[in-house]
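S.K.: 3D, please:
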Amino acid sequence: MSKKDTILYILVLALLSLLIWQWLSKAELVKSISELQKDNKDLMLLSGVGQLRSAHNHADVKVYVNGKAIDFSQSRYQLAARFIHFEEGIGDLIHIHAIGLTIGHLFKSLGMDFDNDCIFFEKAGYCGDGNKKLRFYVNGKESNEFDNYVIKDLDKILVSYGTESEAEIQKQLNSITNLAAKYSADRYS
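M.R.: Down below sits the predicted model:
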């Protein structure tokens, strides 16, 4: 066998080895992706949240802390998560792209937290103490579901922390936009 033939055989053997290695690596990758998809499906099932694009709903929202509205139109709050978010520089309209999402999911996606006693944002916690109180309203009615409330299309949501009187709460409720009706209607036109 000539030196040329030996080099050719070595090259062919090296190429075959590379092909086999690539094929085995791809099979392992496919197996890993399949496992991740199964894990994702199980987590979604357990959480009650549907797949991305299983919904396309909109809800109006206002959040007040000590009488001041949080400005969700700021870029840091826009498109923070694919499943639920604010977008287009609008901070009063929640876009929901999966069934089963709660107001708690929205807050977590923004690096905030919210429960039946406290709201946490900008590294500070605002908890009910003495005359300051956390209140949660859905469609004008006070609710005790807080972070567990599953957002529905066209909801009007108010989160308010402070010492507001009933008249001040009514002003906050009146400040909630009606953008959800327009955005949801645009889907069908």
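
S.K.: so after the lengthiest helix in the chain, what's the next helix or strand?
M.R.: Secondary structure of the chain per DSSP state H: the longest helix is helix 3-47. Downstream of helix 3-47, the next assigned helix or strand under DSSP states H and E is strand 57-65.

S.K.: Could you identify the helix or strand that succeeds that next one?
M.R.: strand 68-69.

S.K.: Mind checking the pLDDT average for that next one?
M.R.: Per-residue pLDDT over strand 68-69 has a mean of 97.

S.K.: Give me the helices and strands touching the helix or strand following it, please.
M.R.: Using DSSP H and E, the next helix or strand after strand 68-69 towards the C-terminus is strand 84-85. Strand 84-85 sits against strand 93-96, helix 103-109, with contacts defined as 3 or more CB pairs under 8 Å, 6 or more residues apart in numbering; DSSP states H and E. Quick note: C-beta positions are derived from backbone N, CA and C, even for glycine.

S.K.: ok, the residue most central in space within the chain - contacts?
M.R.: For the chain, the residue sitting closest to the mean C-alpha position, by CA atoms, centre = their mean, is I84 at 3.6 Å. Shown in contact with I84 (CB atoms under 8 Å, 6 or more residues apart in numbering): 94-98, 101, 105-106, 109, 151.

S.K.: Quick check: of those residues, which has the highest neighbour count?
M.R.: L106 (28 neighbours; other CB atoms under 10 Å).

S.K.: Find out how far stretch 164-172 is from the centre of the chain, if you would.
M.R.: Here the centre of stretch 164-172 is set off from its chain's centre by 29 Å, with CA atoms, centre = their mean, to the nearest Å.

S.K.: whoops, stretch 70-79 was the one
M.R.: 13 Å.

S.K.: and it, which residues are buried?
M.R.: Residues 70, 72, 77-78 are the ones in stretch 70-79 that count as buried (16 or more other CB atoms under 10 Å).

S.K.: where does this protein have low pLDDT?
M.R.: Counting by pLDDT under 70, the chain shows low-confidence ranges at 1, 24, 27, 29-30, 39-46, 186-189.

S.K.: per-domain residue ranges of it.
M.R.: The chain breaks down into these domains under automatic domain parsing: 1-47, 57-188.

S.K.: highest average neighbour count across those?
M.R.: domain 57-188 (a mean of 16; mean count of other CB atoms under 10 Å).

S.K.: A185 and I119, how far apart?
M.R.: 31 Å (CB to CB, to the nearest Å).

S.K.: and if you look at R135?
M.R.: Counting by CB to CB - R135 and I119 are separated by 10 Å.

S.K.: list the residues that contact both of the two?
M.R.: Common neighbours of R135 and I119 (CB under 8 Å, 6+ apart) are 159, 161.
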